[in-house]
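Novice: with the sequence up front, the predicted model follows.
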Amino acid sequence: MLRLLTIFLLLSSAFVCSGAKIDDLRKAADQGDAEAQYNLGVMYNLGQGVAKDDAEAVKWYRKAAEQGYAKAEYNLGVMYGNGEGVAEDDAEAVKWYRKAAEQGDIFAQYNLGVVYANGEGVPEDHVEAVKWYRKAADQGAADAQSNLGLMYANGAPKNNVEAVKWYRKAADQGYAIAQHNLGVVYADGQGVPQDDVMAYMWFNLAAAQGSEHAKQNKKIISEKMTREQIAEAQKLSREWLAKRSK
């Protein structure tokens, strides 16, 4: 099952830069300032400057969300999805994700893709999942790019070339799951010419980040490669890492 992103727990930059005190923040929130309401929700969520209180976090997220503040809409969706400070309610989570996603919130777009792919709070619908993953992927979200590749690989609709395209975008950002999946498509010749050297390279990069599947597949593919091929794959891995570090 694909995983949802968790809560977005960053205070707004305006609040951080101002050095505002909790009393000033509460005053602004009580006066209807949506950004202050969101920030107050985050503080209660984190227990930062106040005692941690998820129910109070939900209260303030809701006040900001009802004014259309996208970050609060997203966080409120997560609270409903996880049953934190409020009774768990997947349908209500989807409602708030959608509101934030329609404003372009990348986290909410990704989570909408997940709930449609998994059928959580909505009927399972891979066309809708692809739609929302693509919106987040087009904004550069590596997890959305990787999941979009997975959707195409598994038939929504099946298109191995598109799967490779999106795996590569995520892999090039260092996303280990996509690096492993890119290794698999090179090993099997799905959407790309079969290439053990390239497969080893991507497995090697993912394995270096701790991917157990990549470690296993790297070992399997190495058993049918020559010493020279392995050396070339390791060289390509080093070059990729050096290029990314610039």
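Specialist: Thanks, I have the structure now.

Novice: state the number of residues packed around the closest residue to Ala36 other than its chain neighbours.
Specialist: Leaving aside its sequence neighbours, Ala36 sits nearest to Ala28 (C-beta to C-beta, 6 or more residues apart in numbering; 3.7 Å). C-betas here are computed from N, CA, C, even on glycine. Ala28 sits with 18 neighbouring residues when counted by other C-beta atoms under 10 Å.

Novice: and Ala28, how far is that from Asp54?
Specialist: 22 Å (C-beta to C-beta, to the nearest Å).

Novice: please apply the same query to Ala207.
Specialist: 38 Å.

Novice: and Asn111, by the same measure?
Specialist: 19 Å.

Novice: out of these two, which sits in the more crowded spot?
Specialist: Asn111 (31 against 17).

Novice: isn't the more buried one right up against Gly77?
Specialist: Yes: if you go by C-beta atoms under 8 Å, Asn111 and Gly77 touch, sitting 6.9 Å apart.

Novice: list residues touching both of the two?
Specialist: Tyr97 (C-beta atoms under 8 Å, 6 or more residues apart in numbering).

Novice: burial measure for Ala57, as a count.
Specialist: 27.

Novice: next one: Lys27
Specialist: Counted with other C-beta under 10 Å, Lys27 comes out at 13.

Novice: and it, what does it touch?
Specialist: Per C-beta under 8 Å, 6+ apart, neighbours of Lys27: none.

Novice: what does the pLDDT read for it?
Specialist: Per-residue pLDDT puts Lys27 at 93.

Novice: now it: which helix or strand?
Specialist: Element membership for Lys27 (DSSP states H and E) is helix 22-30.

Novice: go on, Ala170?
Specialist: Using DSSP H and E, Ala170 falls in helix 160-171.

Novice: and the pLDDT for Ala141?
Specialist: Ala141 is given a pLDDT of 96.

Novice: actually, Met1.
Specialist: According to the model, Met1 carries a pLDDT of 52.

Novice: tilt between the helix or strand where Leu150 lies and helix 160-171?
Specialist: Assigning secondary structure by DSSP H and E places Leu150 in helix 142-153. For helix 142-153 against helix 160-171, the angle by axes from the mean of the first three to the mean of the last three C-alpha atoms, to 10 degrees is 160 degrees.

Novice: ok, now which ones touch the residue sitting nearest the centre point of the chain?
Specialist: In the chain, the C-alpha nearest the mean C-alpha coordinate belongs to Asp143, at 4.1 Å (C-alpha atoms, centre = their mean). By C-beta under 8 Å, 6+ apart, the residues touching Asp143 are Leu5, Tyr110, Ala136, Ala170, Tyr175, Ile177.

Novice: so what's the last one up against?
Specialist: Read that as Ile177. So Ile177 contacts Asp143, Ser146, Ala170, Ala206, Ser211 (C-beta under 8 Å, 6+ apart).

Novice: how about whichever helix or strand His180 is part of: buried residues?
Specialist: Using DSSP H and E, His180 sits in helix 176-188. Within helix 176-188, the residues scored as buried using 16 or more other C-beta atoms under 10 Å are Ala176, Ile177, Ala178, Gln179, His180, Asn181, Leu182, Gly183, Val184, Val185, Tyr186, Ala187.

Novice: same check on stretch 191-201?
Specialist: For stretch 191-201, using 16+ other C-beta under 10 Å, the buried residues are Gly191, Val192, Asp196, Val197, Met198, Ala199, Tyr200, Met201.

Novice: convert the C-alpha atoms of that stretch to CSV, please.
Specialist: The C-alpha coordinates for stretch 191-201 follow below in CSV (Å, rounded to 0.1, in the frame of the first residue of the first chain):
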residue,chain,number,x,y,z
GLY,A,191,10.6,0.7,-21.4
VAL,A,192,14.4,0.8,-22.0
PRO,A,193,16.9,-1.5,-23.7
GLN,A,194,18.0,-4.3,-21.3
ASP,A,195,21.3,-3.2,-19.6
ASP,A,196,22.9,-5.0,-16.7
VAL,A,197,25.4,-2.2,-16.2
MET,A,198,22.8,0.5,-15.8
ALA,A,199,20.7,-1.8,-13.6
TYR,A,200,23.6,-2.4,-11.3
MET,A,201,24.4,1.3,-11.2
